[in-house]
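In: below: sequence and its predicted model.
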Amino acid sequence: MQHTPIPGAAADLDFASRPGVPMEHSPQPLPGARVPILPQRSDVLVFKHVGRARFPPVFGTAQPPRGLSGLLRKQAYRFPDHLARHWLTLMFADRVDVWEHRLRGGLSWGLPVLGVLSLSAWGLRKLTTR
Amino acid sequence: MRALTYQGPFRVRVEDKPDPIIEHPQDVILRVTRSAICGSDLHLLHGMVPDTRVGHTFGHEFTGEVVELGSEVTQLRKGDRVVVPFNISCGGCFYCQRGLTALCENSNPESDIACGVYGYSHTTGGYDGAQAEYVRVPFADVGPMKIPDGMDDEEALFLGDILPTGYMGAEMGEIKGGESVVVFGAGPVGLFAMRSAWLMGARRVVAVDCVKYRLDFAERYAKVETLDFREVDDVVLFLKDLFDGRGPDVCIDAVGMEASGSRAQRMLGLGLKLQAGAPTVLTWCIEAVRKGGNVSIVGVYGPPWNLMPIGTAMNKGLTLRMNQCNVRRYMPHLMGHIRDGLIDTKGIITHRFPLEQATEAYHLFANKQDGCVKCVLTPQ
């Protein structure tokens, strides 16, 4: 069964009314664009993939690389992103990252518990050897 | 501030993290007023996007109020309400100057396949997203659009992603008037693609999905015919038969890399990770569309590769068009459509959650429970 279309159907039938036609328009800066763009300054380690000639002026600084996963990511960014090993190393680093965080989280309660157990065992041994 | 954070595949939680700061003179800081959960956030949640780091905050579809301005920002004032495109675009590079803001070369050092995107891993620049109380917005004079007085934030919210993405999906189908259009995926992007296909003069629009309530919703919201692909033996043959034995003129893939429908594709892509997700819908689009037809891809796929029938596409003489949406160029036009009542954006919101309950919201959305079509978080 065919349905009645929505109100306003064919309102954008004319290609001229469609914002994405043609896909590429003649070059012109968008309103608000400022050239040249001042470079962002940051102490955070941010990787640049090797296919880029220069570092872009603006970038994100969330979750800097650290630990073993950070080393793996550093290695991954040595490969250009048209090679599968770039992406596969990153995916592996992602899994390592998760386990690193779980271990770190575990240490925060695991170490005190281990300390208490060790002390208890030591105390018990002292008492029983007297 | 409070923010949703990624903790590993299938795990997110809300926790404290430092407030964002102005890092560049063209930045602003927004107090987030609405932040949607997008279907593509589920690819992050499921660990499908490379370089998604633990602690990352998702959220690329949002509205907010300006609370802090960089020294070079001239078009915005404190207190302005804005909706923000998910692409982070400078407005002046080679690509932005040609309208291709999704390809901006000044916002992502870490990959050449996309520009910077809020809350979408370090593959898209390492920017924290807006499923949080505050968010940093670069190039603030270029991307954000002020929300007019009299329009509430939720009406404008989807201008940041799914509405322009759905519209661009239909537009890339090159509908000239009178075409048959099949939209795979009756999620939020698919719904807007269906509405947009009507706006461009389609003769017949069919939604394909396997989630019954979503097909019912599409029938009501977008006035389309529906097909549950699990109820037919072969969806490609069924669609060919439905359209004079040739197939539809246009197929739109609004699903992307986590499609159902093929155990083999899911095992290879989602289970064994031997390809980037399951390109089942893309394969169906290529096989079902008529010879010489158009396939438009707005569902998200990732690197490094996928098994898809490129030989079939070549021999059928298909036009394949695809891209992340160049959101900024669609916003004014679609804002007009919202104001004229041609598109009811709020009509697809089925659930609202405070930020503190974001984990439950993800669970509900990912598992398609309680008739969920679109979840919106309300951080404030």
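Out: Arrived safely, thanks for sending.
In: most centrally placed residue in chain B?
Out: residue B:162 (4.6 Å; CA atoms, centre = their mean).
In: and it, what does it touch?
Out: Shown in contact with residue B:162 (CB atoms under 8 Å, 6 or more residues apart in numbering or on different chains): B:36, B:38, B:61, B:188-189, B:192. C-beta here means a position set from N, CA and C on the backbone, and glycine is covered the same way.
In: measure it to residue B:207 for me?
Out: Distance of residue B:162 to residue B:207, given as CB to CB, to the nearest Å: 15 Å.
In: repeat that for residue A:7.
Out: Between residue A:7 and residue B:207 the distance is 19 Å, computed by CB to CB.
In: between those two, which is the more surrounded one?
Out: Comparing residue A:7 with residue B:207 by other CB atoms under 10 Å in any protein chain shown, the one with more neighbours is residue B:207, at 28 against 11.
In: ok, the closest residue to residue B:199 other than its chain neighbours - contacts?
Out: Nearest residue to residue B:199, sequence neighbours excluded (CB to CB, 6 or more residues apart in numbering or on different chains): residue A:12, at 4.6 Å. Residues near residue A:12 by CB under 8 Å, 6+ apart: A:18, B:196, B:199-201.
In: OK, contacts around residue B:205?
Out: Neighbour list for residue B:205: A:3, A:5, B:180-183, B:194, B:197-198, B:222-225 [criterion: CB under 8 Å, 6+ apart].
In: what about residue B:287, helix or strand, and which?
Out: Following DSSP states H and E, the helix or strand that holds residue B:287 is helix B:280-288.
In: which elements pack onto that helix?
Out: Packed against helix B:280-288, as judged by 3 or more CB pairs under 8 Å, 6 or more residues apart in numbering or on different chains; DSSP states H and E, are the following elements: strand B:180-184, helix B:235-242, strand B:250-253, helix B:263-266, strand B:294-297, helix B:310-315.
In: nearest to chain A among the contacts of residue B:162?
Out: residue B:192 (11.6 Å; CB to the nearest CB).
In: setting aside sequence neighbours, what's the nearest residue to that closest one?
Out: Per CB to CB, 6+ apart, closest to residue B:192 is residue B:166, 2.7 Å.
In: how far off centre is the host helix or strand of the one you found?
Out: Assignment of secondary structure by DSSP H and E places residue B:166 within helix B:162-172. Put simply, helix B:162-172 sits 9 Å off its chain's centre (CA atoms, centre = their mean, to the nearest Å).
In: give me the mean pLDDT for it.
Out: Averaged across helix B:162-172, the pLDDT comes to 98.
In: what's the angle from it to strand B:180-184?
Out: Angle, helix B:162-172 to strand B:180-184, by axes from the mean of the first three to the mean of the last three CA atoms, to 10 degrees: 140 degrees.
In: okay, helix B:162-172 in CSV with CA atoms only?
Out: Only the C-alpha atoms of helix B:162-172 are listed here, as CSV (Å, rounded to 0.1, in the frame of the first residue of the first chain):
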residue,chain,number,x,y,z
ILE,B,162,21.0,13.5,12.8
LEU,B,163,18.7,15.9,11.0
PRO,B,164,21.3,17.2,8.5
THR,B,165,22.8,13.7,8.3
GLY,B,166,19.4,12.2,7.3
TYR,B,167,18.8,15.1,4.9
MET,B,168,22.2,14.7,3.3
GLY,B,169,21.5,11.0,2.9
ALA,B,170,18.5,11.7,0.8
GLU,B,171,20.2,14.5,-1.0
MET,B,172,23.1,12.2,-2.0
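In: between the two ends of stretch B:139-151, how far is it?
Out: Distance across stretch B:139-151, first residue to last, is 24 Å (CA to CA, to the nearest Å).
In: how about it and chain A, touching?
Out: Yes: applying CB under 8 Å from any CB of the partner chain, one finds stretch B:139-151 touching chain A at B:139, B:141-142.
In: thought residue B:136 was touching residue B:32?
Out: No: using CB atoms under 8 Å as the test, residue B:136 is too far from residue B:32 to be in contact (11.1 Å).
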